[in-house]
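> sequence isn't available, so here's the structure alone:
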């Protein structure tokens, strides 16, 4: 009888500890974040692979295109999404409380226009141009900027809406046809191998501000503020890990990066500028001019 009593007492004691622990540290509601495999979002994938996100009940959803990302979010299948200010401006029309809550990077060559012809050849022709892009994304803004900057008749453009995985399989098998491809790293690597060349980028020739951030509604921000704050810490830690040991970082996120080699990965890092910790005044002024909200940024 004494042993049974002791066993029951210990059981009651541990049950009480578990109950008190649950009361003092309530479990966090699940948080779902969606992102493409853009180089600037790799800190999130690093955090996922390290098990950091799982610890705070946060799930990262990998999508293949910026437009899919928007559709997923609009359907209520994610609580926050990674994207540029273009997708934010589009979604804000139907989701007025949508705000940027943390910054990743600024494109500095990572958004690219590729072709099988030179700019001069495209300008001096009257032929149709097959333009491959994600229509509901920053790709469209980039293409429009190119058309207007180089005075190309928009009637010549045959808009072909594809996700970047499909686009990356294109091959220059008909060099007489004029093709434009609006893409971003790491998908440009396969296209180069398939016979296309970069003609413009956000580093060379495209004077467009392209900022990548995590967006959520104000309601989601306040509901999950603790988790978002922890995610921000994880992003900062991941970028520090990248600077300390890029090979270890690459090995960790490689399953998400298609066929991107380590050398191409290192090269792609030159095409973005991390803005997760500091923003210079010139960039801040450009963000204000573009009406990019900053008051809620972590």
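Great, that's in hand. All values derive from a computational prediction rather than experimental measurement. Numbers count the residues shown, from 1 in each chain.
> distance-wise, check residue 229 relative to residue 237.
Relative to residue 237, residue 229 is positioned 13 Å away (CB to CB, to the nearest Å). Heads up, the C-betas are built off the backbone N, CA and C, glycines and all.
> before we move on, what about residue 182?
Per CB to CB, residue 182 is found 33 Å from residue 237.
> out of these two, which sits in the more crowded spot?
More crowded of residue 182 and residue 237, by other CB atoms under 10 Å: residue 182, with 24 against 15.
> partners of the helix or strand encompassing that one in the sheet?
Residue 182 belongs to strand 178-184 when assigned by DSSP states H and E. Here strand 178-184 is paired, per DSSP bridges, with strand 111-115 (antiparallel), strand 129-133 (parallel).
> average model confidence for the helix or strand just after the last one?
In other words, strand 129-133. Once strand 129-133 ends, the next helix or strand along the chain (criterion: DSSP H and E) is helix 138-149. Averaging pLDDT along helix 138-149 yields 92.
> buried ones in helix 138-149?
138, 139, 140, 141, 142, 143, 145, 146, 147 (16 or more other CB atoms under 10 Å).
> tell me the helices and strands packed up against it.
helix 85-91, strand 111-115, strand 129-133, strand 178-184 (3 or more CB pairs under 8 Å, 6 or more residues apart in numbering; DSSP states H and E).
> measure stretch 273-281 end to end?
15 Å (CA to CA, to the nearest Å).
> wait, which of the helices and strands packed on helix 138-149 is closest to residue 207?
The closest of those to residue 207 is strand 111-115. By CB to CB, the value is 12.0 Å.
> show residues contacting that closest one.
Residues outside strand 111-115 that contact it (CB atoms under 8 Å, 6 or more residues apart in numbering): 122, 138, 142-143, 146, 178-185, 188, 191-192, 196-202, 206, 208, 210.
> average pLDDT for it?
Mean predicted confidence for strand 111-115 is 95.
> for residue 199, helix, strand, or coil?
Taking DSSP: H, G, I helix; E, B strand; the rest coil as the rule, one finds residue 199 in the strand state.
> got the contact list for it?
Residue 199 touches 113, 114, 115, 118, 119, 205, counting by CB under 8 Å, 6+ apart.
> ok, so of those residues, who is nearest residue 106?
Scanning those for proximity to residue 106, where the rule is CB to CB, the winner is residue 205, at 16.4 Å.
> for that closest one, name its beta-bridge partners.
residue 201.
> give me the element residue 295 is part of.
Counting by DSSP H and E, residue 295 is part of no helix or strand.
> whichever of the contacts of residue 199 end up buried, select them in ChimeraX.
In ChimeraX syntax, the buried subset of the contacts of residue 199 is picked out as below (16+ other CB under 10 Å):
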select :113,114,115,119,205
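> in JSON lines, list the contacts of residue 199 along with distance to residue 89.
Listed next are those as JSON lines, based on distance: CB to CB, whole Å:
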{"residue": "113", "distance to residue 89": "21"}
{"residue": "114", "distance to residue 89": "25"}
{"residue": "115", "distance to residue 89": "27"}
{"residue": "118", "distance to residue 89": "32"}
{"residue": "119", "distance to residue 89": "28"}
{"residue": "205", "distance to residue 89": "23"}
